[in-house]
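Chemist: Quick check, what structure comes out for this input:
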Amino acid sequence: MIGVRSYEKRKQRSRARQADMSAAGRDIGAIPPCANPRRRARCKGDLKAFLKTYFPKVFCDPWSSNHIRVIEKEASAIRHGGLFALAMPRGSGKTAISTRAALWAILYGYRRYVVLFGATEKKAGEIIDTIKKTIETNELIRADFPEVCFPVEKLDGIVNRCKGQTHKGKRTYIEWGADHLVMPTIDGSACSGSVIDADSITCANIRGKHYTTSSGESIRPDFCIIDDPQTPESAASEEQCKKRWQIISGDILRMAGPGIKMTAVMPCTVIEKGDLADRVLNTELHPEWNGERMRLMDAMPDDMDLWDKYREVWARSQREHAGSIKDATEFYRQNRAAMDAGALPTWPARYEPGEISAVQSAMNILIANRKVFYCEFQNEPQSESDEADQLTAELLSNKLNGLPRNRVPLGCDNVTMYIDIHDKLLFYVVAAFDNEFTGAVIDYGTWPRQKTSDFTMDDARYTMVTQYNGMGRSARIYAALTDLTALCLSTDYKREDGAALRITRCHIDANWGPETPVVYRFCRQNQMANILTPCHGRGILASGRPLSARKPVKGEKPGTEWYLSGHGAKRGIRFCAYDTNYWKTFVAQRIKTATGDIGSLTFWGHDATEHATFFSHMRAEYFTPTAGRGRVVDVWQPRPQHPDNHWWDCLTGAVVAASVAGVALTEVGTTSVKKEKKMVALPAYIPQ
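Modeler: Numbers count the residues shown, from 1 in each chain. Down below sits the predicted model:
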């Protein structure tokens with residue numbers, strides 16, 4: 001009996017030793033301290049610093065303005081919430097930024113459950129693999145975040161060790177799968193038990209995602225990055241676009257659970273006009289996504305004729321040197337100053353071997369494939385049919401009437417003026433019309449006058465600051481308005497039959513922030529107050545209520561998408577409010593109407609080159625037909641390559657002034673211009 005008891009004791013001691021040895025083998029031991037607490041703390045509130053500090057080989061080039069904007073948006077979303085759709089040029093590193101932003105969100109405890117979506121299963125796998133390799137191999141991350149990286153290191157690549165891993169006798173509950181990561185549960189860790197998932201946007205198990213922590217708490221996704229949610233094939237398919245949008249709006253944005261608003265960032269690139277990215281970026285269709293389009297080039301070169309010569313050298317060099325563009329690069333080197341003039345690349349450091357600047361690189365992309373350039377690098381898809389509907393240089397050049405400057409065409413009885421106010425200059429247009437909107441631009445200019453016709457507002461040499469030296473801004477504007485109107489309103493504009501006409505209505509831009517009261521005071525105090533009217537233009541979208549649909553208040557005078565306020569309703573003088581989208585479309589139709597037809601608008605002079613700068617203002621915007629609430633509205637937006645649109649605004653304002661004076665196109669009358677306007681149908685797929 002004594003021998004039996006002794007044997008049992010030895011077995012128990014052996015089992016205890018084995019258990020102790022097994023537990024010791026599973027326990028990771030003491031976690032090393034953070035190598036550089038100051039470095040780690042410095043990057044906690046600064047995503048840009050985190051990316052540059054911990055990933056110097058990935059983000060080795062200087063940031064572009066686009067990168068800084070995206071980083072700021074993603075950091076804001078991670079810390080404060082919201083939905084953001086951000087279109088960057090192809091190849092700008094948006095996936096690299098977003099993947100590491102997700103890691104930043106987890107490591108510092110800003111988010112507990114992050115889901116990364118790729119356009120395909122392969123893309124999703126690449127995203128999660130990047131995060132895993134970062135935690136496993138990035139020396140700086142390993143040094144400064146040992147509470148995460150040390151337990152991962154102890155797995156030694158063997159996923160089966162996850163279940164048994166402990167720290168100080170407690171399980172870490174770490175998970176290290178192919179598409180699902182759970183950070184180790186470590187007391188005091190900011191990301192203890194946090195989750196990172198990666199899925200394809202077409203994955204079947206998006207709904208119902210949740211994770212139960214070691215404390216029994218059930219957590220659901222609270223942040224997701226939807227990285228480039230479409231492929232070239234899906235972008236070209238209306239059905240695929242519709243399906244992917246339904247997944248985003250119906251499944252992904254509902255992952256957080258009832259009553260909780262999901263935070264999401266969607267870095268994307270437009271591939272086709274009207275594709276998923278193009279729609280989500282449309283702030284009228286989806287204002288909730290705060291869409292922002294970023295371009296490779298914010299402004300194109302001025303001398304496109306020289307670039308056409310470059311194109312010929314580029315093509316010849318490719319043929320003669322087996323794909324090399326060395327001759328084209330040499331041509332560019334010799335003419336670089338002229339070829340770069342006016343160009344504004346958003347990322348100056350972006351160019352390829354064999355190229356010498358970001359401008360050359362961008363133009364090479366444009367030369368190789370115009371559609372790809374405008375879709376995937378400018379995020380502004382265009383088509384030949386769309387461009388044909390816009391105001392073109394050829395169309396404008398063919399609308400000259402041969403009359404001298406300041407000469408009123410026969411039959412015109414109404415002369416109107418509009419003044420656009422800026423800090424440096426006043427821009428103005430004077431136009432004459434008959435009673436059916438057949439008319440002409442008879443004068444335009446700036447105050448102070450410029451000694452050259454080729455200038456932009458930024459490079460204007462003679463400004464209000466120099467002309468009215470010593471005055472404050474409000475006083476300068478008042479003085480400039482006084483001098484300009486004294487000159488123009490007292491001018492006799494001779495008609496072809498010899499009759500002398502004067503300006504009957506002069507509208508003045510009053511959308512000028514804190515200086516708006518100056519415009520009202522000037523109009524009220526001027527001796528010509530009866531023809532001076534402060535103006536407020538508003539671009540009303542298809543989803544908005546037309547001005548013609550509002551109920552006039554007492555004393556107002558309603559018109560065709562404009563109204564005059566009641567007498568003394570605001571600052572003691574009437575003001576005019578009008579819909580800029582409606583009236584810009586109306587003016588464009590007047591320019592497109594053939595000379596000789598009713599409602600045609602022409603320009604003074606014989607030589608189109610005299611109007612080169614003026615015509616550049618006319619073409620500074622383009623329109624996009626947009627649907628909403630059962631109507632189609634042309635939404636006018638600035639072109640990136642045209643810095644100034646001020647005379648275009650002035651011409652629109654002068655036409656509105658004529659309408660207020662009683663001029664009306666017969667087929668439009670005082671109700672709607674839509675009868676004479678070709679409606680452009682949008683694709684059937686419109687995400688709602």
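
Chemist: Might you report the residue contacts of the nearest residue to Ser357 once chain neighbours are set aside?
Modeler: Once flanking residues are discounted, Ser357 sits nearest to Tyr351: 5.8 Å by C-beta to C-beta, 6 or more residues apart in numbering. C-beta here means a position set from N, CA and C on the backbone, and glycine is covered the same way. Listed by C-beta atoms under 8 Å, 6 or more residues apart in numbering, the contact partners of Tyr351 are Ser357, Ala358, Gln360, Ser361.

Chemist: One more pass at 6 Å, please.
Modeler: Residues near Tyr351 by C-beta atoms under 6 Å, 6 or more residues apart in numbering: Ser357, Ala358, Ser361.

Chemist: helix, strand or coil for it?
Modeler: coil (DSSP: H, G, I helix; E, B strand; the rest coil).

Chemist: quick one: it from Asn138, how far?
Modeler: Tyr351 is 28 Å from Asn138, where distance means C-beta to C-beta, to the nearest Å.

Chemist: can you check Glu556 too?
Modeler: Applying C-beta to C-beta, the value for Glu556 to Asn138 is 66 Å.

Chemist: so what's the residue nearest to Ser357 scoring on pLDDT?
Modeler: pLDDT for Tyr351: 93.

Chemist: Same question for the one 3 residues further on.
Modeler: The pLDDT attached to Gly354 in the predicted structure is 93.

Chemist: and the contacts of Tyr351 as CSV, adding pLDDT?
Modeler: Output for the contacts of Tyr351, formatted as CSV (pLDDT from 0 to 100):
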residue, pLDDT
Ser357, 96
Ala358, 95
Ser361, 95
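
Chemist: now, which of those lie within helices?
Modeler: The helices, defined by DSSP state H, take in Ala358, Ser361 from the contacts of Tyr351.

Chemist: Quick check: Asn469 is in a strand.
Modeler: No: using three-state DSSP, the assignment for Asn469 is coil, not a strand.

Chemist: Neighbours of it, how many?
Modeler: A count of neighbours around Asn469, defined by other C-beta atoms under 10 Å, yields 8.

Chemist: any idea how far it is from Leu484?
Modeler: 18 Å.

Chemist: what's the spacing between the nearest residue to Gly411 once chain neighbours are set aside and Ala657?
Modeler: The shortest distance from Gly411 to any non-neighbouring residue, by C-beta to C-beta, 6+ apart, is to Asp434 (4.6 Å). Here the criterion is C-beta to C-beta. By it, Asp434 lies 15 Å from Ala657.

Chemist: between the two, which one's more packed in?
Modeler: Ala657 (28 against 17).

Chemist: pretty sure the more buried one contacts Thr416?
Modeler: Yes: here Ala657 reaches Thr416: they are 3.8 Å apart, a contact under C-beta atoms under 6 Å.

Chemist: Quick check: neighbours shared by these two?
Modeler: In contact with both Ala657 and Thr416: Arg505, using C-beta under 6 Å, 6+ apart.

Chemist: Assign Ala627 to helix, strand or coil.
Modeler: Taking three-state DSSP as the rule, one finds Ala627 in the strand state.

Chemist: That one pairs with what?
Modeler: Val632 (DSSP bridges).

Chemist: which residues touch the helix or strand encompassing Phe84?
Modeler: In the assignment (DSSP states H and E), Phe84 maps to strand 83-87. Strand 83-87 is contacted from outside by 70, 73, 77, 264-268, 280-281, 288-294, 379, using C-beta under 6 Å, 6+ apart.

Chemist: Show me which of those are buried.
Modeler: 70, 73, 77, 264-268, 280-281, 289, 291-294, 379 (16 or more other C-beta atoms under 10 Å).

Chemist: Just give the nearest non-adjacent residue to Phe427, would you?
Modeler: Closest to Phe427 by C-beta to C-beta, 6+ apart is His646, at 4.0 Å.

Chemist: thought that neighbour was touching Ile419?
Modeler: No: using C-beta under 6 Å, His646 is not in contact with Ile419, being 10.1 Å away.

Chemist: List the residues that contact Leu281.
Modeler: By C-beta under 6 Å, 6+ apart, Leu281 lies in contact with Ala85, Ala87, Gly291, Arg293.
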